[in-house]
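Engineer: sequence plus the predicted model coming up.
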Amino acid sequence: MPDHDYDFVVASDGNGTFETVQAAVDAVPDFRDAETRILVRAGRYEEKLVVPTSKTNVTLVGEGPEETVLTHDDYNGKENRFGEPMGTTESSSCFLFGDDFTARDLAFENSAGRVGQAVATRVDGDRAVFENCRFLGNQDTLYVHGEDSRQYYRDCYVEGTVDFVFGWATAVFDGCEVVCKGESGYVTAASTPAADDFGLVFRDCDVCGDDDAESFYLGRPWRPHARTVFLHSYLGPHVEPAGWHNWDDPDKEETAFYAEYGNDGPGYRPDDRVAWSHQLSGSEADEYTLATVFGDWDPGERLASAGE
């Protein structure tokens, strides 16, 4: 879309409405009902971005996930300006609290390296949509945090080493590339609330690894009622035959729900999976539609709007 189709244009060279993404977000009227479209020109924007609760219906559009990168380098244990050590949440390069947030064609990065927990993006708002985005980091890359948050990821790329998709939210990943980095680790660490029927759902995804990847579990339960399902996805040879890990707590085997259906690839070994995981039937797998998982919210409507 040309510039006039956007409310604001961000360009680090000064040829836009603002030079930083944060300045553009701050300019959005609080609790606006209409969508605010922000074009972020190509470049590396080294800023710690916060989209507060009051900034609703914000859409960020980049010029490609390899061209437009939002990045920062905080990590768990790094000292803040007061000399106090940060925690995992504080390490986030980007905080997304506002409802109805959308991002397309850009990357969210934590550039701290392999220094422990270092979050690229923490998502709390309800009805968050990401299309053709990259989430770059190592441990704890993507924090799908909001307990009452519904999140949809389409054609995205997520990489990491340990627990690199984690949190409480109900999140669906469609057609995404999930890249395991390093020799060993865990793809997910869900903390699904006990009352929720769905947690992390991966459909038609590609779970691959870098050259060093040897031993990765699909998930381990951060909280007792973790729920994670992989459907119709490719699982690379680095995926452990057991599939799932109990986080050294056998009691979680009674409460966590880990399941698969119709996967393929060398890492899909259903006969070798831990006994407390599930291989769904066709009718059970059919329940994992967007309408069933998200209820009265259709993320396709926001994607159609963002693409106009």
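Structural biologist: Received the coordinates, thanks.
Engineer: low pLDDT regions in this protein?
Structural biologist: Filtered on pLDDT under 70, the chain yields the residue ranges 1-2, 305-308.
Engineer: switch to 90 and redo it
Structural biologist: For the chain, applying pLDDT under 90 flags the ranges 1-4, 300-308.
Engineer: tell me where the stretch 151-300 of the chain has strands.
Structural biologist: Taking DSSP state E, counting those that start in this stretch as the test, the strands found in the stretch 151-300 of the chain are 157-160, 162-167, 170-174, 177-180, 184-190, 200-203, 206-209, 215-219, 227-231, 234-235, 257-261, 278-279.
Engineer: got these as TSV, with distance to T292 and mean neighbour count columns?
Structural biologist: C-beta: built from backbone N, CA, C; applies to glycine. Below are these laid out as TSV (distance: least, Cβ to Cβ, whole Å; neighbours: other Cβ atoms under 10 Å):
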stretch	distance to T292	mean neighbour count
strand 157-160	23	23
strand 162-167	21	26
strand 170-174	10	24
strand 177-180	22	23
strand 184-190	18	24
strand 200-203	10	25
strand 206-209	23	20
strand 215-219	21	24
strand 227-231	12	25
strand 234-235	24	22
strand 257-261	14	22
strand 278-279	17	14
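Engineer: closest to I38 out of the ones you listed?
Structural biologist: Among the strands of the stretch 151-300 of the chain, the nearest to I38 by Cβ to Cβ is strand 157-160 (21.4 Å).
Engineer: by contact count, what packs against the closest one?
Structural biologist: Judged by 3 or more Cβ pairs under 8 Å, 6 or more residues apart in numbering; DSSP states H and E, strand 157-160 is in contact with strand 134-136, strand 177-180.
Engineer: in JSON lines, list the ones you listed along with distance to D296.
Structural biologist: Below are those laid out as JSON lines (distance: least, Cβ to Cβ, whole Å):
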{"stretch": "strand 134-136", "distance to D296": "27"}
{"stretch": "strand 177-180", "distance to D296": "28"}
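Engineer: so which of the ones you listed gets nearest R302?
Structural biologist: Of the helices and strands packed on strand 157-160, the one closest to R302 (Cβ to Cβ) turns out to be strand 134-136, at 18.7 Å.
Engineer: flag every buried residue along the helix or strand following the closest one.
Structural biologist: The C-terminal neighbour of strand 134-136 among helices and strands, as given by DSSP states H and E, is strand 142-144. Buried residues in strand 142-144, counted by 16 or more other Cβ atoms under 10 Å: 142-144.
Engineer: so K55 sits right up against D30, yeah?
Structural biologist: Yes - counting by Cβ atoms under 8 Å, K55 does reach D30; the two are 6.9 Å apart.
Engineer: burial of the nearest residue to D30 once chain neighbours are set aside, as a residue count?
Structural biologist: Of all residues not flanking D30 in the chain, S54 sits nearest, at 4.0 Å (Cβ to Cβ, 6 or more residues apart in numbering). Neighbours of S54 under the rule other Cβ atoms under 10 Å: 12.
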